[in-house]
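**Q** Just the structure for this:
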Amino acid sequence: NSRGAASLLKDSISFTEASASGLFEGHDLLRRGFTSVKSELLPSHPLELTEKNFQLNQDKTNFATLRNIQGIHAPLKLQMEFRAVKQVQRLPFLHSSNIAMDILRGNDECIGFEDILNDPSQSEVMGEPHMMMEHKLGLL
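**A** Residues are numbered from 1 along each chain as shown. Now for the predicted structure:
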């Protein structure tokens, strides 16, 4: 039953994979960049993923509560304000405290771990302004 085997093979391999060099093509450094083993690893601790997404989960909870209390307009307005604040940026080589985002989230009066141990004046890495702007604008 060669026809049945051919149809099974056709169904199991997608057309893009069966292109001329698709199955045997190596990793393309120019298009995809260097491979990173770190990105392929699983979290090393069960709480790592939760801590990484803490702010996102907190925002979702706050939006759901706000919607239940005030209606659909309140979380939509707050999300639009978040997007507007994220679009305003300093030059890439200058540190931004994101005070407007902290005010919207209510974190402006809280002192956290990043406020004490994330001081940009003590940073060991300072980029060259011209190179960073060219990279951001896509000229490099």
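**Q** switch to C-alpha atoms for all contacts and neighbour counts from now on
**A** Will do.
**Q** which residues in the chain form helices?
**A** Along the chain, the stretches classed as helices by DSSP state H are 2-12, 29-32, 37-40, 46-52, 54-70, 73-87, 99-105, 113-117, 129-137.
**Q** Can you give the domain ranges for the protein?
**A** Domains of the chain are assigned by the TED database as 36-87, 91-117+126-139.
**Q** can I get the ones you listed in a markdown table with mean pLDDT, distance to Leu29 and mean neighbour count?
**A** Output for the domains of the chain, formatted as a markdown table (pLDDT from 0 to 100; distance: least, C-alpha to C-alpha, whole Å; neighbours: other C-alpha atoms under 10 Å):
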| stretch | mean pLDDT | distance to Leu29 | mean neighbour count |
| --- | --- | --- | --- |
| domain 36-87 | 87 | 12 | 12 |
| domain 91-117+126-139 | 82 | 18 | 11 |
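**Q** need the contact list for Leu104.
**A** Leu78, Phe82 (C-alpha atoms under 8 Å, 6 or more residues apart in numbering).
**Q** returning to what we had before: compare the helices of the chain and give me the one nearest Phe93.
**A** helix 129-137 (5.6 Å; C-alpha to C-alpha).
**Q** before we move on, back to that, want to throw the helices of the chain into CSV with distance to Phe93?
**A** Shown next, in CSV, are the helices of the chain (distance: least, C-alpha to C-alpha, whole Å):
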stretch, distance to Phe93
helix 2-12, 49
helix 29-32, 26
helix 37-40, 26
helix 46-52, 25
helix 54-70, 25
helix 73-87, 16
helix 99-105, 18
helix 113-117, 19
helix 129-137, 6
